[in-house]
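**Q** take a look and give me a structure for this.
(one chain, ligands or ions: 1)
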Amino acid sequence: TIWTGVTFEPQACETILRRTYGKMAVKRLHEKHGKKNLVLCGFMGSGKTTIGRKLARLTGLEFIDADIYLEAKEGKKISEIFAEKGEAYFRDRETAYIKELAQKDGIVLALGGGSVLRPENVAAVKETGLLILLDTPFYRIMKNLSYSTNRPLLDKPDKQAETRRLYNARKALYHRVADIAVRSPRLSEVLEKVVKSV
Ligand code: S3P
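**A** Numbering: from 1, shown residues only. Down below sits the predicted model:
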C-alpha cells in the first residue's frame, strides 16, 4: 500500500499468505525429500476429497481423487463395480490406478479409504509423495457418511455398527503407514502439519 497506493482486504492478504505458505511447503518437500505429491489417506467420510481440493488450490497442485479417477477409467460407479465384479476385482483395479497416479508429478491425491490395506499401494504413493492421515473423529465420519449411497462396504442392515467395526479394525493401520497424522482435520491444520514436517 505504501509503495503502490493499492489497498488489500485482510481476507485477500490471508489467502495470498496461505498460498505462499502452501507453495513453500511443496517446494521444500521436493528439495529436501525428493517428493512431489501430497497424498491423503483415512477412513471413508474423513474429508479426503473436500480437504484435498482445498489443499490443491493452496499449493497450486492438481487435485485427483483416486475413486473418481477409477470410476472414470472403468466407466462405472464403485457400487456397480462391487455389485458386478466383486471387491477383489475392485482392489486389483485400485492398485493398478494408484501405481499409475503415484507416477504423476505434483498432485494432491485423495486415496480411497481401503487403499492402504495393500502394502504395495502404500509403497507406491510414499515413494513419490508425503502420506497424510486425516484422523477424523468417528462422530464426524458418521455425520459425513449419513447421506452416502456409493460405499458398498457399508451397505449393511446396521450401517453404524459396520462402520464402527471397520473403523476400529483399520485405525492402527492408518497411523502405522502415514508419514503424518492430523487430528480433527481442517485445511489450516493440515497445511501447518505439512509445513512443520517438511
Ligand atoms: C473404500 C472406500 C471408498 C471406496 C470403496 C472402498 C474402503 O473410498 O474406495 O468404497 O475400503 O474404505 P472413500 O474413502 O473415498 O469413501
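
**Q** hey, where'd the strands end up in the protein?
**A** Assignment of strands within the chain using DSSP state E yields the ranges 37-41, 62-65, 107-110, 129-135, 180-183.

**Q** and the ones you listed, which is most packed in?
**A** Each of the strands of the chain was given a mean neighbour count from mean count of other Cβ atoms under 10 Å, and the largest, a mean of 28, is that of strand 37-41. In this view, the C-beta of every residue, glycine as well, is placed from N, C-alpha and C.

**Q** find the nearest non-adjacent residue to the residue nearest the centre of the chain, please.
**A** Nearest to the mean C-alpha position of the chain, by Cα atoms, centre = their mean, lies Leu40 at 2.5 Å. The shortest distance from Leu40 to any residue that is not its chain neighbour, by Cβ to Cβ, 6 or more residues apart in numbering, is 4.4 Å, and that residue is Lys48.

**Q** what is the burial count for that neighbour?
**A** Burial of Lys48 is recorded as 29 neighbouring residues (other Cβ atoms under 10 Å).

**Q** was I right about it contacting Val108?
**A** No - proximity of Lys48 to Val108 does not meet the contact threshold set by Cβ atoms under 8 Å, at 9.8 Å.
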